[in-house]
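A.B. asks: With the input below, show me the fold.
(one chain, ligands or ions: 1)
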Amino acid sequence: MMAEAEREGAREVLLRPANTGDLADIMAIERVSYSAPWHVETMRGELRGTDGGKIYLVAESEGRVVGYIGSHYFAGEVHILTIAVASHFRRLGIGELLVLSLLLKVIQLGGEYATLEYRVSNEAAARLYRKLGFAAVAVRRKYYLDNDEDAIVAEVADLDDAERQAEVRALLDDWKARHEHELTTEI
Ligand SMILES: CC(C)(COP(=O)(O)OP(=O)(O)OC[C@H]1O[C@@H](n2cnc3c(N)ncnc32)[C@H](O)[C@@H]1OP(=O)(O)O)[C@@H](O)C(=O)NCCC(=O)NCCS
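C.D. replies: Numbering: from 1, shown residues only. The predicted model follows:
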């Protein structure tokens, strides 16, 4: 009989807080994922995250980071600054898992809002966030300095509301039903 992790598409996935030991793996993904990647020292500073407001999570498979999400949490609002998944691990649900896990973390912290920006040309991001309940609320003109591209601002509100919390949990249950990954969570 085929083992769990050998079924088509099934992977072992560990979800955990990021640390500075993840820097090299994260930067390798960052550099192929963004036209204007962060400088390594910026990322290192974020991963040190000693002030408590920085929430960085990674998805790991077979000892390597395959995706990460980075955010700042302050006064009930989490702002998602970065998310990327390694090219060979895309369309396996990792991006969705990272965003949902962050939302659940914010719910645990008693937060109310999640906000983010994405490029108008980024269809994958637009679909991912829409699927997870983010609503587009504004456009920031020429927000991205490398090519003067506009940003869509999107948010999920009412994360302190029981109904919204149930929706987020239902999205994670739905994710688990659709994906056969062997998931371990340490957050
Ligand atoms: C955006 C990104 C993080 C998505 O990660 P991922 O692990 O491939 O996404 P998932 O497999 O969890 O996809 C979840 C949903 O997002 C949408 N989606 C993801 N990639 C997509 C693509 N290339 N085209 C269209 N929709 C896409 C789909 O709705 C998908 O659900 P489905 O597979 O059931 O159709 C990844 O493409 C990436 O790293 N891109 C480069 C960095 C980036 O643009 N980050 C966002 C900056 S705001």
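
A.B. asks: wait, what's in contact with the residue of the chain found nearest the ligand?
C.D. replies: Relative to the ligand, the nearest point of the chain is residue 95 (2.5 Å; C-beta to the nearest ligand atom). Heads up, the C-betas are built off the backbone N, CA and C, glycines and all. Going by C-beta atoms under 8 Å, 6 or more residues apart in numbering, residue 95 touches 67, 83, 85, 128.

A.B. asks: how deep is the residue nearest to residue 66 when sequence neighbours are not counted tucked in, by neighbour count?
C.D. replies: In this structure, residue 66 finds its nearest non-sequential neighbour in residue 89, 4.2 Å apart by C-beta to C-beta, 6 or more residues apart in numbering. Applying other C-beta atoms under 10 Å, we find 19 residues neighbouring residue 89.

A.B. asks: Quick one: residues contacting residue 89.
C.D. replies: Under the criterion of C-beta under 8 Å, 6+ apart, the neighbours of residue 89 are 11, 61, 66, 67.

A.B. asks: Low-confidence bits of this protein, can you list those?
C.D. replies: Within the chain, the ranges that satisfy pLDDT under 70 run 1-8, 50.

A.B. asks: which helices and strands sit right next to the helix ranked longest in it?
C.D. replies: Among the segments of the chain that qualify as a helix by DSSP state H, the longest is helix 162-178. Applying 3 or more C-beta pairs under 8 Å, 6 or more residues apart in numbering; DSSP states H and E, we find helix 162-178 packed against helix 94-108.

A.B. asks: and after the helix it packs on, which helix or strand comes next?
C.D. replies: Sequence order places strand 113-119 as the next helix or strand after helix 94-108, per DSSP states H and E.

A.B. asks: quick one: strands adjacent to that next one?
C.D. replies: strand 77-85 (parallel), strand 149-156 (antiparallel) (DSSP bridges).

A.B. asks: What lies in contact with it?
C.D. replies: Strand 113-119 has contacts (C-beta under 8 Å, 6+ apart) with 76-81, 102-103, 106, 125-126, 129, 134, 140, 143-144, 149-157, 159.

A.B. asks: what about 7 Å?
C.D. replies: Outside strand 113-119, the residues within contact range by C-beta atoms under 7 Å, 6 or more residues apart in numbering are 76-80, 103, 106, 125-126, 129, 140, 143-144, 149, 151-157, 159.

A.B. asks: And stretch 159-172, by the same measure?
C.D. replies: In contact with stretch 159-172 (C-beta under 7 Å, 6+ apart) are residues 100, 103-104, 106-107, 110-114, 132-133, 158.

A.B. asks: Quick one: those residues as JSON lines, columns for neighbour count and distance to the ligand too.
C.D. replies: Shown next, in JSON lines, are those (neighbours: other C-beta atoms under 10 Å; distance: C-beta to the nearest ligand atom, whole Å):
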{"residue": "100", "neighbour count": "20", "distance to the ligand": "9"}
{"residue": "103", "neighbour count": "26", "distance to the ligand": "14"}
{"residue": "104", "neighbour count": "18", "distance to the ligand": "15"}
{"residue": "106", "neighbour count": "23", "distance to the ligand": "17"}
{"residue": "107", "neighbour count": "18", "distance to the ligand": "20"}
{"residue": "110", "neighbour count": "9", "distance to the ligand": "25"}
{"residue": "111", "neighbour count": "18", "distance to the ligand": "20"}
{"residue": "112", "neighbour count": "18", "distance to the ligand": "21"}
{"residue": "113", "neighbour count": "16", "distance to the ligand": "17"}
{"residue": "114", "neighbour count": "26", "distance to the ligand": "13"}
{"residue": "132", "neighbour count": "19", "distance to the ligand": "8"}
{"residue": "133", "neighbour count": "18", "distance to the ligand": "13"}
{"residue": "158", "neighbour count": "12", "distance to the ligand": "22"}
